[in-house]
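> here is my input, please return the structure:
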Amino acid sequence: MVLPTYNEKDSIADVIRRFDKLGVVDDILVINNNAAEGTSEEVASTNAREIIETRQGYGAAIQRGLREVDTDLVCVCEPDGTFNPEDLLKLLSFSAECDVVVGSRTVSNFIWDGANMGWFLQFGNWAVAKFLEVLFNTASMSDVGCTFRVITREHVQTILDRSTLPGSAYGLEMLLISVVTRARMVQIPVNYHARVGVSSVTGDFGKTVTLGLEMIRLVLKTRLKTIGRRPRPAPARVAA
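From the prediction side, this is the model:
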């Protein structure tokens with residue numbers, strides 16, 4: 001379990017305890033990415049391990065976490081109170097058949113009152129996901145910004161070998177690496193709640209628009225790099 005933290009002091013301990021209570025998580029690793037004062041004390045009150053990553057940014061924190069864990073499956077999630085830790089069981093139910101199981105926050109039935117998923121974010125994430133799906137002829141997608149994921153150990157190494165971004169767009173880079181390397185991937189609706197505290201990215205409309213444009217540029221840039229490769233669906237499974 002990899003939990004990056006920057007501004008989640010008031011929610012992180014509860015999130016850790018809820019993941020721990022599931023009884024399926026062997027190791028909970030918190031990546032302290034220059035986090036708010038008092039965060040380390042909150043983590044110390046739980047069973048989680050804490051590692052300090054001074055290189056700022058979501059991507060820097062996640063890459064550090066992925067390098068530090070040594071389990072067959074790795075779950076990545078933001079500990080800001082927006083996700084139900086219990087939804088991990090839903091993602092795990094597909095992990096035997098997929099290299100990557102990704103949550104989706106854009107299904108209306110799973111968006112709770114107060115969640116930061118107004119029409120602009122909901123439509124924007126869905127539109128970029130469909131844009132990516134068509135450009136790369138990949139699995140059905142409905143969200144490019146969900147950071148709740150389960151990844152196999154083997155695919156974690158594939159992602160790390162190709163990672164370049166240290167910032168907020170790294171979540172999309174992970175998705176694109178999975179798409180380009182033809183990883184078996186599925187997207188599952190997860191519950192999405194109001195955040196505890198204010199996001200350093202999507203709590204500000206201007207930052208949200210900037211991040212959205214960065215994501216579109218990244219999708220196009222990646223597609224141009226692979227323009228000579230014919231898009232094809234992931235290979236079908238063959239019975240043993």
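> going forward, measure contacts between C-alpha atoms and count neighbours the same way
Noted.
> where does pLDDT dip in the chain?
198-203, 229-240 (pLDDT under 70).
> again, 90 this time
120-121, 168-169, 197-215, 225-240 (pLDDT under 90).
> closest to the centroid, which residue in it?
residue 147 (2.2 Å; C-alpha atoms, centre = their mean).
> mind checking the SS state of that one?
What DSSP: H, G, I helix; E, B strand; the rest coil gives for residue 147 is coil.
> that one touches residue 77, doesn't it?
Yes: assessed by C-alpha atoms under 8 Å, residue 147 is found in contact with residue 77 at 5.6 Å.
> which residues does whichever strand or helix holds residue 103 contact?
For residue 103, the host element (DSSP states H and E) is strand 100-104. By C-alpha atoms under 8 Å, 6 or more residues apart in numbering, the list of residues contacting strand 100-104 from outside reads 91-92, 94-95, 142-143, 146-152, 155, 178, 183-190.
> can you select the buried ones from those in PyMOL?
To isolate the buried members of the contacts of strand 100-104 in PyMOL, using 16 or more other C-alpha atoms under 10 Å:
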select buried, resi 91+92+94+95+142+143+146+147+148+149+150+151+152+155+178+183+184+185+186+187+188+189+190
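> ranges for the strands of the chain?
For the chain, the strands defined by DSSP state E occupy 2-5, 29-32, 49-52, 73-76, 100-104, 149-152, 185-189.
> so which of those gets nearest residue 118?
Residue 118 lies closest to strand 100-104 among the strands of the chain, at 14.6 Å (C-alpha to C-alpha).
> who does the closest one pair up with?
Strand pairing for strand 100-104, determined by DSSP bridges: strand 149-152 (antiparallel), strand 185-189 (parallel).
> contacts for the longest one?
With contact meaning C-alpha under 8 Å, 6+ apart, strand 185-189 is reached by 90-91, 94, 98-107, 110, 139-142, 178.
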